[in-house]
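> Kindly generate the corresponding structure for this input.
(chains A and B, ligands or ions: 1)
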Amino acid sequence: MDIGIVGYGCYIPRLRISVDEIARVWGTDAESFKKGLIVEEKAVPEMDEDTITISVEAGRNALLRAGIDPKKIGAVYIGSESHPYAVKPSGTVVAEALGLGENIMVADFEFACKAGTAAMQCCYGLVKAREIEYGLAIGADTSQGRPGDALEYTAAAAAGAFVIGKDPLATLEGTHSYTTDTSDFWRREGEDYPSHGARFTGKPAYFKHVVSASKLLMEKLSLKPSDFNHIVFHMPNGKFPLTASKILGFKNEQIEQGFVVKRIGNPYSGSSPVGLCAILDAAKPGDRILMTSYGSGAGSDSFSFMVTDKILERRDRAKKTEDYIKNKKNIDYGVYVKLRRKLKI
Amino acid sequence: MPYKSSVPLFWRLKKSKYNLIGTKCNTCDKVFFPKKSLCPNCRRRGNLDDFQFSGKGKIVSFTVIRVPPEGFEKYAPYAAAIIELDEGARLSGQIVGDFSKVETGKPVRAVFRKINEDGNEGLINYGLKWELSE
Ligand SMILES: [Zn+2]
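I've put the predicted structure just below:
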């Protein structure tokens, strides 16, 4: 029987800060940042939101769409690089808040921005091996950039959640991962903000992994770019996924539906998952979707999904990605600093 | 190291706090939150079962907190309200977002948020707050 996404859901915090506002404070050229990054504004969490709370909200939406008894979930894996506790898994709180019961496997995953898709692969494997009936995989982050750093214009907050199991609304046709030891971006234990190798993040890191994983998956499944209706890649900014899609031979209209980065920024582990949610909000039965994540360090997970007619009855059971993107409130840099605790008093 | 808030107390209440699980009396059909061990109407004739509330309700009354208790300073000013759940029970809670939009009678839904933290070293307490429904 087919295995894949039984229910999906995202959560995007309501607050936004614009690239214009950040550029105003640092005296940089907003227009060149907006053009270079293809980002207008980014989603910022409220003071009482963190990776655990946004995972709960996204998970609730995924369970609503799945329409299953939450006690049938046998595993919950949360991928993030902003778990609130260094020791105590985010999944323990999320499982209890979602009423998943106590007979459940829980672990937090870390692999920079691709930890959420690694969680999806593990759930898929466990369902396929008949160890669990359903698994819940979540990619979530409330990412921070050092004040004044280029990352500050894009580092955002959001979560995407997927119930993986049988009778899917999108069948998982295949997955492929590509991993090397590449130090493009890192954060040492105890440090508040990440460091990055500036220009090193492009060619040998993002493009090499995203392109290789996508290509190798298409070869494995004997598929070509024109076989896909929608694609979504990790979106550290708008430019990288557009360039990767061009290298692979995709057209602009294939990437449009999941291109959320322009209006919410880069929520790290939540980036390609939220993009996938936006695609599923609009996809038709029979549509094929390619998703490829990227995590610094470095690796990519690529997936091919085939949308089934189950999408039609489940889609409207929960809030859509566009509902979250449109329900927003812009804040200034002063409020942003207070919310994100960038002031050390 | 000892913490300011009571870890065991919070842990005991957590299940019903996270999930809005109360009780329903099968004799008189009344619902209660938090859980009751005896129906106040039916006493020994009562027959209580766990009951899952939907998380939807409306604001019965509210007040704006400008001088908050210890641990909540950073959220001030914020609205605290009495909420009547669609199924009937009443409870109190914090309203998230802009307090100037809060009005009696407005519909709200439960959201999962951080309640408070014991500094940078202690536990983070999570639970439900309320958001105005659009
Ligand atoms: Zn009774």
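
> List the contacts of A:R14.
Residues counted as contacts of A:R14 (Cβ atoms under 8 Å, 6 or more residues apart in numbering or on different chains) are A:46, A:324, A:327-329, B:97. (Each C-beta comes from the backbone N, C-alpha and C, glycine too.)

> now do A:A115
Neighbours of A:A115 in contact, by Cβ under 8 Å, 6+ apart: A:79-81, A:109, A:139, A:269, A:295.

> Excluding chain neighbours, give the residue nearest to it in space.
Take A:A115 and drop its neighbours on the chain: the residue closest to it by Cβ to Cβ, 6 or more residues apart in numbering or on different chains is A:G79, 2.7 Å away.

> so how far is A:G270 from the one you found?
A:G79 sits 9 Å away from A:G270, taking Cβ to Cβ, to the nearest Å as the criterion.

> hmm, back to that, only the buried subset of the contacts of A:A115, as a PyMOL command please.
Paste this into PyMOL to select the buried members of the contacts of A:A115, with burial taken from 16 or more other Cβ atoms under 10 Å in any protein chain shown:
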select buried, chain A and resi 79+80+81+109+139+269+295
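
> tell me the two of the contacts of A:A115 that are most distant?
Taking Cβ to Cβ as the measure, the contacts of A:A115 span a maximum distance of 11.3 Å, between A:S80 and A:G295.

> Count the residues that sit near A:E31.
A:E31 is flanked by 11 other residues according to other Cβ atoms under 10 Å in any protein chain shown.

> could you point out which element follows the strand or helix carrying it?
In this assignment (DSSP states H and E), A:E31 forms part of helix A:30-37. Downstream of helix A:30-37, the first helix or strand assigned by DSSP H and E is strand A:41-44.

> what packs against that next one?
strand A:15-18, strand A:157-166, helix A:261-264 (3 or more Cβ pairs under 8 Å, 6 or more residues apart in numbering or on different chains; DSSP states H and E).

> TSV for those, including mean neighbour count and distance to chain B?
Shown next, in TSV, are those (neighbours: other Cβ atoms under 10 Å in any protein chain shown; distance: least, Cβ to the nearest Cβ, whole Å):
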stretch	mean neighbour count	distance to chain B
strand A:15-18	22	10
strand A:157-166	30	12
helix A:261-264	24	18
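
> per-residue confidence for the residue minimising distance to the centre of chain B?
When Cα atoms, centre = their mean is applied to chain B, the residue found nearest the centroid is B:G93 (4.8 Å). B:G93 carries a pLDDT value of 93.

> The helix or strand where it lies and chain A in contact?
If you go by DSSP H and E, B:G93 is part of strand B:90-95. No - between strand B:90-95 and chain A, judged by Cβ under 8 Å from any Cβ of the partner chain, nothing touches; the nearest distance is 8.6 Å.

> Only alpha carbons, please: show that strand as CSV.
Extracted in CSV, the C-alpha atoms of strand B:90-95 (Å, rounded to 0.1, in the frame of the first residue of the first chain):
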residue,chain,number,x,y,z
ARG,B,90,-15.4,29.1,32.2
LEU,B,91,-11.8,29.7,32.8
SER,B,92,-9.3,32.5,32.9
GLY,B,93,-6.4,33.1,30.6
GLN,B,94,-4.1,35.6,28.9
ILE,B,95,-5.0,37.0,25.6
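
> Show the subsequent helix or strand relative to it.
strand B:107-117.

> sorry, back to before: looking at the sheet around the residue nearest to the centre of chain B, what are its partners?
B:A81 (DSSP bridges).

> Test my guess that it contacts B:K129.
Yes - here B:G93 reaches B:K129: they are 5.9 Å apart, a contact under Cβ atoms under 8 Å.

> Next one: the residue nearest to B:D86 when sequence neighbours are not counted from chain A, what distance?
Spatial nearest neighbour of B:D86, excluding adjacent residues (Cβ to Cβ, 6+ apart): B:K56 at 4.8 Å. Separation of B:K56 from chain A (Cβ to the nearest Cβ, to the nearest Å) stands at 13 Å.
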